[in-house]
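A.B. asks: need the 3D shape of this:
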Amino acid sequence: MKRWRIGLALAAVTASSAALAVVWPHARDATAMLAAQDDPAELSDLQVSSALRNSQNMVASQIESALAAHDTGLASSFVDLAKAKNIALPEDLLRRVDQAVAEESTASHFAKQFASGLVTGNADDAGSLSGTVAGDLFVFGDIRDVVREGKHLVMGEDTDRLVLGLAATGLAVTAATYVSVGGVAPVRAGLTLVKDARKVGRLGEGLTEWAGRSARGIVDGPMLEDAVATSATTSPGQTARAIRAAFHAEKAGALVRMAKDVGRVGEKAGARGALDTLKIAEGPEDVARAARLAESSGGKTRAILKLLGRSALLLTAGALDLSLWIFGALFALFSLLASIKAMTERLTQSWIDHGKRRRLRRQLAGLVHPAVASAVING
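C.D. replies: Numbers count the residues shown, from 1 in each chain. Next up is the predicted model:
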């Protein structure tokens, strides 16, 4: 057996081993992600672990950025993520986060944010969300929004029909007329958060388009005009009843279900976690996945969404791309096994041929001159 054939087989084994070593980690991660594509908690955990393997300093830098932006909730979320992933953080950084959390938790700060949420209707933390929800529970917030948008509608001006539909739905939910929801509190908070996200431009484009379609037809125009016309002279209770009379509950089902999922995110990940979700979600399916993620990850949810964006909720990389890594690994493995088989066969054949030549050499040595025998054996 020629030595070059053995060398060629050995080179094929080496090349196949190197190719398998390169593609195997990608194929392993692709397999795990494809298996976890219907579980946002598992999917995001795999992607976070992969991201942190590439940069151990990522968490500390994100905490620094959050503190600089006065986003204590996000900084705390990254601390929770670091603990879950056994990532050591500098003591000074942890102390600064604790101080920021303690300052934000004071009664005076909460009261200030509560009042801000109650008056303005804008929520970005627990205090302001509590105030905003309180305003909506006392119907003042929703009435304010319906009357404002309703007057735009009556005057033929640009009207935010989504805010109008959300506020009208909120009035109905607050009065517990939407009996099929199965838990009013998350829906009430969810509607408030969606409405607030819309006002401040933090509602993603895809979700805005979907919610806008869902809000059409929720409010009866002529009946709303009558409610708006009398809102200046009647009591808030009478105004609320008039507005609820213009509300078509049967057309609000999809919007209410989405709001309930937003409320579930808010319960587990806080108001800003829900607003982060609304910013990246492109439809109600994304919000439902975010609710499952928040229920599993709790305080880590905001950090996960910050690191991964929408890919925390579903596979944004194409299944075909992931499958190519798997097929590449299988091809490299097949090539390696075939190369090992070929090299083994050639080594075995070489060993057999070598043995035959030795036996033939011994047999010829007794009959002819050794030099002649060697020439005959080697051709």
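
A.B. asks: which residue, neighbours along the chain excluded, lies closest to residue 90?
C.D. replies: Distances taken as C-beta to C-beta, 6 or more residues apart in numbering place residue 60 nearest to residue 90, at 6.8 Å, with adjacent residues excluded. Just so you know, the C-beta spots here come from the backbone N, C-alpha and C atoms, and that holds for glycine as well.

A.B. asks: list the buried residues in the helix or strand harbouring the one you found.
C.D. replies: Assigned by DSSP states H and E, residue 60 falls within helix 58-68. Across helix 58-68, burial judged by 16 or more other C-beta atoms under 10 Å covers 58, 59, 60, 62, 63, 66, 67.

A.B. asks: list the contacts for residue 267?
C.D. replies: Residues near residue 267 by C-beta atoms under 8 Å, 6 or more residues apart in numbering: 186, 189, 294.

A.B. asks: out of those residues, which sit inside helices?
C.D. replies: 186, 189, 294 (DSSP state H).

A.B. asks: would you format these as a markdown table with distance to residue 339, neighbour count and pLDDT included?
C.D. replies: Shown next, in a markdown table, are the ones in helices among the contacts of residue 267 (distance: C-beta to C-beta, whole Å; neighbours: other C-beta atoms under 10 Å; pLDDT from 0 to 100):
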| residue | distance to residue 339 | neighbour count | pLDDT |
| --- | --- | --- | --- |
| 186 | 59 | 20 | 76 |
| 189 | 62 | 27 | 78 |
| 294 | 49 | 28 | 93 |
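
A.B. asks: and the strands in the protein?
C.D. replies: Counting by DSSP state E, the chain has no strands to list.

A.B. asks: can you find the helix or strand in it with the smallest mean pLDDT?
C.D. replies: In the chain, the helix or strand scored least confidently by mean pLDDT, DSSP states H and E is helix 370-377, which has a mean of 55.

A.B. asks: coming back round to it: same list, the ones in helices among the contacts of residue 267, but as a markdown table with distance to residue 352 please.
C.D. replies: Shown next, in a markdown table, are the ones in helices among the contacts of residue 267 (distance: C-beta to C-beta, whole Å):
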| residue | distance to residue 352 |
| --- | --- |
| 186 | 77 |
| 189 | 80 |
| 294 | 67 |
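
A.B. asks: now residue 222: how far from residue 286?
C.D. replies: 36 Å (C-beta to C-beta, to the nearest Å).

A.B. asks: of these two, which one has the most company?
C.D. replies: Applying other C-beta atoms under 10 Å to residue 222 and residue 286 shows that residue 286 carries more neighbours, namely 24 against 8.

A.B. asks: where does the stretch 101-250 of the chain dip in pLDDT?
C.D. replies: Scanning the stretch 101-250 of the chain for pLDDT under 70 picks out 107-140, 154, 175-185, 221, 224-240, 242-244, 246.

A.B. asks: what ranges does it have for its helices?
C.D. replies: 107-120, 126-137, 140-154, 161-174, 184-199, 205-215, 221-230, 236-245 (DSSP state H, counting those that start in this stretch).

A.B. asks: and the angle from the longest one to helix 140-154?
C.D. replies: This points to helix 184-199. Inter-element angle recorded for helix 184-199 and helix 140-154: 50 degrees (by axes from the mean of the first three to the mean of the last three C-alpha atoms, to 10 degrees).

A.B. asks: other SSEs contacting helix 184-199?
C.D. replies: helix 126-137, helix 161-174, helix 205-215, helix 253-280 (3 or more C-beta pairs under 8 Å, 6 or more residues apart in numbering; DSSP states H and E).

A.B. asks: of all those helices, which one is nearest residue 21?
C.D. replies: Residue 21 lies closest, by C-beta to C-beta, to one member of those: helix 253-280, at 35.6 Å.

A.B. asks: the closest one - what's its average pLDDT?
C.D. replies: The average pLDDT within helix 253-280 is 88.
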